[in-house]
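S.K.: generate a structure from the sequence data that follows.
(one chain, ligands or ions: 2)
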Amino acid sequence: MAKYYPIFLNIQDKKCVVVGGGNVAWRKVCSLKEAGAKVTVVSPDFCPELERETGVERIQQKYTTDILKGAALVVASTDDGVVNKKVYSDAMERGILVNVVDKPDLCSFIVPASIQRGDLCISISTGGASPALARNIREYLEGQFGAEYGEFTHLLSEVRQKMLLEIKDEAIRRDILQRIAGFDILEIIKRKGVSEAKRKILEIVSEKIPGDK
Ligand SMILES: C[C@@]1(CC(=O)O)C2=NC(=C\c3[nH]c(c(CCC(=O)O)c3CC(=O)O)Cc3[nH]c(c(CC(=O)O)c3CCC(=O)O)/C=C3\N/C(=C\2)[C@@H](CCC(=O)O)[C@]3(C)CC(=O)O)/[C@H]1CCC(=O)O
Ligand SMILES: NC(=O)c1ccc[n+]([C@@H]2O[C@H](COP(=O)([O-])OP(=O)(O)OC[C@H]3O[C@@H](n4cnc5c(N)ncnc54)[C@H](O)[C@@H]3O)[C@@H](O)[C@H]2O)c1
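M.R.: Ligands and ions are numbered 1, 2, ... in the order given. As a prediction, this is how the structure comes out:
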């Protein structure tokens, strides 16, 4: 089995192509859209969900190589192995990232199971060993990581931006940022809400920086 290097890819405003018009293609279109990509989907027919999807370029025809022009990434999810293989070799020749669903040999990257809570993303991969296990772990973690983690991450981001500007001493800043990311602050968000958590954070900051109010 291949080894993989986990990364988060910035595909904001990048052209991403999905080849195929079925349910799997629709799932891929949705996740690419959510990541801010400019999505083009090409297929002779589209499932009703894809037909309804807004903000996507639909090209109703069979795959042709020229569709990859200017693309950063392509996902092939047709039910035709020959077409999927052609997409793979076209993409490899052009240095375009490529995933053929369920065909790890025809992938320059594989897709993990993911949970999104605002800016917090938890991704699980088994490196292809067991996608079913990745899914089960995702479902388990979904129960453990609720919507409050999104709020928590947002609050920490706000405070961190401020601290990067205002606290010049790196060691003190690190200490504070580590402290306020603690689960006790998350508990306050859960029980009392974000404004109470903010108050607690300010208290911690003033304790750590004598004289700061
Ligand atoms: C994570 C997820 C993301 C997504 O697809 O979006 C994903 N597969 C998911 C589900 C799933 N896929 C399959 C089952 C049936 C049970 C089973 O086989 O285990 C289930 C479970 C289900 O659906 O319940 C069938 C399957 N998948 C692959 C093969 C071929 C092979 O193993 O050789 C076969 C056999 C096909 C056959 O039988 O012929 C291959 C891949 N699937 C991957 C990703 C990549 C490795 C990820 C990793 O392990 O880290 C990789 C290598 C390539 C890729 O597609 O990127 C998504 C869960 C999303 C979620 O629910 O959160
Ligand atoms: N449905 C699932 O949950 C699931 C799960 C695992 C694997 N898969 C695999 O993923 C693939 C896609 O699944 P699906 O359910 O979306 O299949 P599907 O049969 O619903 O859709 C396949 C799509 O590919 C299009 N297509 C065929 N030839 C094409 C061409 N030359 N150019 C462009 N598009 C073309 C078809 O018109 C159709 O829209 C299949 O290979 C399937 O075996 C599906």
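S.K.: list the contacts of the helix or strand residue 198 falls within.
M.R.: Using DSSP states H and E, residue 198 sits in helix 194-208. Identification of contacts with helix 194-208 by Cβ atoms under 8 Å, 6 or more residues apart in numbering yields 151-152, 155, 159, 163, 172, 175-176, 179-180, 185, 188-189, 212-213. All C-beta spots, glycine's among them, are computed from the backbone N, C-alpha and C.
S.K.: any bit of stretch 130-140 sitting next to ligand 1?
M.R.: Yes: with Cβ under 6 Å from any ligand atom as the criterion, ligand 1 is reached by stretch 130-140 at 130-132, 134-135, 138.
S.K.: can you tell me which of these are in helices?
M.R.: 131-132, 134-135, 138 (DSSP state H).
S.K.: can you flag the buried ones in those?
M.R.: 131, 134, 138 (16 or more other Cβ atoms under 10 Å).
S.K.: for these, give me CSV that also has pLDDT and distance to residue 144.
M.R.: Listed next are those as CSV, based on pLDDT from 0 to 100; distance: Cβ to Cβ, whole Å:
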residue, pLDDT, distance to residue 144
131, 98, 20
134, 98, 16
138, 98, 11
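S.K.: among these, find me the one that's closest to ligand 2.
M.R.: Distance to ligand 2, by Cβ to the nearest ligand atom, is smallest for residue 131 among these, at 8.9 Å.
S.K.: contacting residues around the closest one?
M.R.: Neighbouring residues of residue 131 by Cβ under 8 Å, 6+ apart: residue 113.
S.K.: and residue 41, what element?
M.R.: Per DSSP H and E: residue 41 is located in strand 38-42.
S.K.: can you list contacts of that strand?
M.R.: Residues outside strand 38-42 that contact it (Cβ under 8 Å, 6+ apart): 13-21, 25, 29, 32-33, 50, 55-63, 67, 71.
S.K.: quick one: buried residues of that strand?
M.R.: Within strand 38-42, the residues scored as buried using 16+ other Cβ under 10 Å are 38-42.
S.K.: average pLDDT for it?
M.R.: Across strand 38-42, the average pLDDT comes to 98.
S.K.: name the residues of the helix or strand just after that strand that are buried.
M.R.: Following strand 38-42 in sequence order, the next helix or strand is helix 48-52 (DSSP H and E). Neighbour-count burial for helix 48-52 flags residue 50 (criterion: 16+ other Cβ under 10 Å).
S.K.: only alpha carbons, please: show the least confident helix or strand in the chain by mean pLDDT as PDB.
M.R.: The least trusted helix or strand in the chain, going by mean pLDDT, DSSP states H and E, turns out to be helix 194-208, with a mean of 92. Output of helix 194-208 as PDB, limited to C-alpha atoms (Å, rounded to 0.1, in the frame of the first residue of the first chain):
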ATOM      1  CA  VAL A 194     -19.300  32.800  24.200                       C
ATOM      2  CA  SER A 195     -19.300  36.100  26.000                       C
ATOM      3  CA  GLU A 196     -18.600  34.400  29.300                       C
ATOM      4  CA  ALA A 197     -15.700  32.600  27.700                       C
ATOM      5  CA  LYS A 198     -14.400  35.900  26.400                       C
ATOM      6  CA  ARG A 199     -14.500  37.300  29.900                       C
ATOM      7  CA  LYS A 200     -12.600  34.300  31.200                       C
ATOM      8  CA  ILE A 201     -10.000  34.700  28.500                       C
ATOM      9  CA  LEU A 202      -9.500  38.400  29.400                       C
ATOM     10  CA  GLU A 203      -9.000  37.400  33.000                       C
ATOM     11  CA  ILE A 204      -6.300  34.800  32.000                       C
ATOM     12  CA  VAL A 205      -4.600  37.400  29.900                       C
ATOM     13  CA  SER A 206      -4.500  39.900  32.700                       C
ATOM     14  CA  GLU A 207      -3.100  37.300  35.100                       C
ATOM     15  CA  LYS A 208      -0.400  36.400  32.600                       C
END
